[in-house]
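**Student:** A structural model of the following input is requested.
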Amino acid sequence: MNIVIIEDERPNAERLKRLIAELRPNAVIKAVLESVAETLQWLQQHPQPDLILMDIKLGDGVSFEIFEKTNISAPVIFTTAYDEYAIQAFKQNSIDYLLKPVEKEELSAALEKFDRILPAASTLSLEKLLQDIKPKNYRSRFLIPYRDGFKTILADSTLYFCSEQKVTKARLLNGDEETVPLTLDELELQLDPKTFFRANRQYIINIEAVDIIHNYFNNKLKVQLKRFQDVEIIVSRDKAPLLKAWLGY
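**Tutor:** Numbers count the residues shown, from 1 in each chain. Have a look, this model is predicted:
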């Protein structure tokens, strides 16, 4: 079985590759593609794979644009952090819709569904597929070392997380700063994407902390927080549309 992964975040792509290797040792990953443009180019130059694992929000747009610009005959398993795209996803030739972080058991079930229903993929029930979507339990609190024990901080009470010299700090509503024993890559997979956004390599921000979005040079954006306005958070040109979509612009 030939598989193509469309995913712009390396930790997620590596996780999918690892899970596929465990669940389908004979499968061949033909490509890992990171954008709408790269996917369109690859599809023009290669035969369709047997299966596509596709994220929805990519660095240069939404993956539904791919279906608008080329014909995809391969079945698709969507892997995304956003459950609001389920109905639109199933209008394409989707066989499942998995919410990140994708668990081994869920991917296994999706691959078994691929094996089972491939001959009759066109007759899938949208209602039945929507019933298969399970909400993720995102992290709501952190246990961190404190004096000779531990204390708890709440995710919702965190304005932003930042990484400085490989140390992750959480800035809280009360102004305190706490060290969190997780990387930003790990936090990005564990935090609710409706509340938290990975602005760049250094920052993950809480939607409640955002005050103003400024245009920045080269089509980048600059995020101004309601507090700590001296903190400069720059969002790349590729991520700027995702930030606007996250904020409901």
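**Student:** now stretch 154-163: mean pLDDT?
**Tutor:** Taken as a whole, stretch 154-163 carries a mean pLDDT of 93.
**Student:** ends of that stretch, how far apart?
**Tutor:** 18 Å (C-alpha to C-alpha, to the nearest Å).
**Student:** the nearest residue to Ala37 once chain neighbours are set aside and Ala27: what is the separation?
**Tutor:** Among residues not flanking Ala37 along the chain, Asp60 sits closest, at 5.8 Å (C-beta to C-beta, 6 or more residues apart in numbering). C-beta here means a position set from N, CA and C on the backbone, and glycine is covered the same way. According to C-beta to C-beta, to the nearest Å, Asp60 and Ala27 sit 27 Å apart.
**Student:** Val180 against Phe142, yeah?
**Tutor:** Yes - Val180 is within contact range of Phe142, at 5.7 Å (criterion: C-beta atoms under 8 Å).
**Student:** shared neighbours of those two, anything?
**Tutor:** Common contacts of Val180 and Phe142, defined by C-beta atoms under 8 Å, 6 or more residues apart in numbering, comprise 153, 170.
**Student:** quick one on the thing from earlier: my read: the residue nearest to Ala37 touches Ala240, true?
**Tutor:** No - using C-beta under 8 Å, Asp60 is not in contact with Ala240, being 10.5 Å away.
**Student:** ok, the residue nearest the centre of the chain to Pro75 distance?
**Tutor:** Geometric centre of the chain, nearest residue: Ala81, 4.6 Å, by C-alpha atoms, centre = their mean. To Pro75, Ala81 is 21 Å away according to C-beta to C-beta.
**Student:** repeat that for Leu173.
**Tutor:** For Leu173, the distance to Pro75 - C-beta to C-beta - is 45 Å.
**Student:** and if you look at Val28?
**Tutor:** 16 Å.
**Student:** I'd like to know the beta-bridge partner residues of Ala170.
**Tutor:** Phe161, Glu178 (DSSP bridges).
**Student:** residues in contact with it?
**Tutor:** 142, 153, 158, 160-161, 177-180.
**Student:** from what I see, Trp42 and Ser35 are in contact.
**Tutor:** No - the pair Trp42 / Ser35 is not scored as a contact, 10.2 Å apart, by C-beta under 8 Å.
**Student:** the closest residue to Ile56 other than its chain neighbours: neighbouring residues, count only.
**Tutor:** Residue nearest to Ile56 in three dimensions, not counting chain neighbours: Thr80, with 4.2 Å by C-beta to C-beta, 6+ apart. If you count neighbours by other C-beta atoms under 10 Å, Thr80 ends up with 22.
**Student:** next: Lys239.
**Tutor:** 21.
**Student:** that one and Trp246, how far apart?
**Tutor:** Taken as C-beta to C-beta, the span from Lys239 to Trp246 is 10 Å.
**Student:** quick one on the thing from earlier: who has more neighbours out of Val28 and Pro75?
**Tutor:** Set Val28 next to Pro75 and count neighbours by other C-beta under 10 Å: Pro75 wins out with 20 against 11.
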